[in-house]
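Okay, predicted coordinates and the sequence, questions at the end:
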Amino acid sequence: MRRRHRLRHLALISAILLPWAAMTAAASLPIVIAHRGASGYLPEHTLPAKAMAHAMDADFIEQDVVLTRDGVPVVLHDIHLDATTDVATRFPDRARADGRYYAIDFSLEEIRSLRAQERLGSDGQAVYPGRFPAHTGNFRVPTLAEEIDLISGLDHSRQRRTGLYIELKGPRFHRNEGQDIALRVLEVLREKGYDQRTGQVFLQCFDDATLRYLRHDLQTPLPLIQLIADPGWGEDSAVDYAFLQTAAGLDEVARYADGIGPWLEQIYLGRDASGEAVLSDLVALAHARGLQVHPYTFRSDALPEGIESFTALLDLFLNQVGVDGLFTDFPDLAREFLQDRRQYRTQQ
């Protein structure tokens, strides 16, 4: 009887501890962030691309946000509409003097009338010609609220808990246009019940002043990520991105943010004469200050020079460098890589 009681007691302990151990192991894995959705397969930031990313079990799905003329947050990577919609055909006389069509010059109703499409370059050709055919499909630009409803609904029907990873685009530009994009995004999150979900929402921005505003003035408890650009990109910020990659710069970031989002080529610097990967110390410096590191963007059809395959790229960053997560256009491939790694470790 004692032995039977002891076995029953051990079985009960196992029933409690084993699921906990499994959840702990899963939580320790780097997160897969679907960059603009499953954008390697469907036009970026469309609801079908987000639904596909959800079906691929991305941990987080990214939303780049800009505002319409009437102050509604819509999910769009650029403050301009011309690269990813048919705005030039629908509203040919609405470009500014620089020839660009700005989302903030259009009402939500007008933006809803546009057809979203695969990203085009300045030559009018698809940036990634092997992806979804440009100028085809019946895609639309969604609002942030609509996208949250989609992800929340899929979480309910698929019994998952998928995170939002929201980038505030061009905050200084919006401010010059009389709009407060940070405040509007937080209002939508509050309306949808996500404004306190610290484990399910990241807010990211290239502009450090906006992150400080979110933390200190708007007092959001949500984790903040300081994006780090190449200085030549001309991002909407006064921050010195070279400084942010130093120990002193990261000391400053740690005062208002919870992590950094560097360009992957700020970590992988190429190959040396012997063919070895040359790596910066950015990840080690960030980790030493308690900052998470989520680099961007991992694309199987646009590998960095000196990287022979997407698997090799993932192995370098996930197994050797040890980043905490990554942005990828191909969340299924990153998820498969991590599952294979977990199975390997389980077998050891």
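That came in fine, so what should we check first?

Could you list the low-pLDDT ranges of the protein?
For the chain, applying pLDDT under 70 flags the ranges 1-27, 342-348.

50 instead, please
Scanning the chain for pLDDT under 50 picks out the ranges 1-27, 344, 347-348.

So which residue is dead centre in it?
E62 (3.8 Å; C-alpha atoms, centre = their mean).

That one - nearest residue in space that isn't next to it in sequence?
With sequence-adjacent residues excluded and distances taken as C-beta to C-beta, 6 or more residues apart in numbering, E62 is closest to Y165, at 4.5 Å. Using the backbone N, CA and C atoms, a C-beta is placed for each residue, glycine as well.

Please list all residues in contact with that neighbour.
Contact partners of Y165, counting by C-beta atoms under 8 Å, 6 or more residues apart in numbering, are I33, F60, I61, E62, Q63, V201, F202, Q204.

What distance do you get for it to F91?
31 Å (C-beta to C-beta, to the nearest Å).

Please apply the same query to A116.
15 Å.

neighbour-wise, which of those two wins?
Between A116 and F91, counted using other C-beta atoms under 10 Å, A116 has the larger neighbour count: 25 against 17.

Could you give the backbone dihedrals for the nearest residue to the more buried one once chain neighbours are set aside?
Distances taken as C-beta to C-beta, 6+ apart put F139 closest to A116, at 4.0 Å, once the chain neighbours are dropped. Note on F139: backbone dihedrals following degrees, to the nearest 10 are phi -100, psi 160.

quick one: F139 and T46 touch, right?
Yes: contact criterion C-beta atoms under 8 Å: F139 and T46 qualify, at 4.2 Å.

Overlap in contacts, those two.
The contact sets of F139 and T46 overlap at A116 (C-beta under 8 Å, 6+ apart).

ok, the two, which is more surrounded?
Shown here are F139 and T46; by other C-beta under 10 Å, T46 has more neighbours (27 against 22).

what's that one in contact with, if anything?
G37, A116, F139, R140, V141, P142.

Parallel or antiparallel, list what pairs with the longest strand belonging to the chain.
Ordering each strand of the chain by length in residues (DSSP state E) puts strand 60-67 first. Next to strand 60-67 in the sheet, as set by DSSP bridges, lie strand 31-34 (parallel), strand 73-75 (antiparallel), strand 163-168 (parallel).

Make TSV out of those and add distance to H287.
Output for these, formatted as TSV (distance: least, C-beta to C-beta, whole Å):
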stretch	distance to H287
strand 31-34	15
strand 73-75	31
strand 163-168	20
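
of all the ones you listed, which lies closest to D340?
With C-beta to C-beta as the criterion, D340 lies closest to strand 31-34 of the strands paired with strand 60-67, at 13.3 Å.

C-terminal to the closest one, what's the next element?
Toward the C-terminus, strand 31-34 is succeeded by helix 47-55 as the next helix or strand (DSSP states H and E).

still on that earlier bit, which one of the strands paired with strand 60-67 lies nearest to A242?
Across the strands paired with strand 60-67, A242 has its closest neighbour in strand 163-168 (21.2 Å, C-beta to C-beta).

Give the buried residues for the next helix or strand after the closest one.
Following strand 163-168 in sequence order, the next helix or strand is helix 171-176 (DSSP H and E). The neighbour-count check on helix 171-176 (16 or more other C-beta atoms under 10 Å) flags P171, R172, F173, H174, R175 as buried.

Who are the packing partners of helix 171-176?
helix 181-191, helix 208-212 (3 or more C-beta pairs under 8 Å, 6 or more residues apart in numbering; DSSP states H and E).

So which of these is nearest P133?
Closest among those, using C-beta to C-beta: helix 181-191, at 32.2 Å.

Need the contact partners of that closest one.
The contact list for helix 181-191 (C-beta under 8 Å, 6+ apart) reads 65-67, 71-73, 144-145, 148, 166, 168-171, 174-175, 195, 201, 203, 210, 213-214, 218, 220, 222.

Measure how buried V278 is and give me the count.
10.

where's the closest residue to it other than its chain neighbours, which helix or strand?
Closest residue to V278 apart from its sequence neighbours, by C-beta to C-beta, 6+ apart: L269 at 4.3 Å. Using DSSP H and E, L269 maps to strand 268-271.

Output the contacting helices and strands for that strand.
Counting by 3+ C-beta pairs under 8 Å, 6+ apart, strand 268-271 packs on strand 277-279.

Now find how far off-centre stretch 124-140 is within its chain.
Put simply, stretch 124-140 sits 21 Å off its chain's centre (C-alpha atoms, centre = their mean, to the nearest Å).

just checking, A134 touches D123?
No: judged on C-beta under 8 Å, A134 makes no contact with D123 at a distance of 11.9 Å.

between these two, who's got more neighbours?
Set side by side, A134 and D123 show more neighbours around A134, with 18 against 7, by other C-beta under 10 Å.

residues contacting that one?
With contact taken as C-beta under 8 Å, 6+ apart, A134 is in contact with Q117, E118, L120, Q125, A126.

Now with 7 Å, please.
By C-beta atoms under 7 Å, 6 or more residues apart in numbering, the residues touching A134 are Q117, E118, L120, A126.

Please report the distance of it from M52.
18 Å.

One more: V188?
Taking C-beta to C-beta, one finds V188 at 23 Å from M52.
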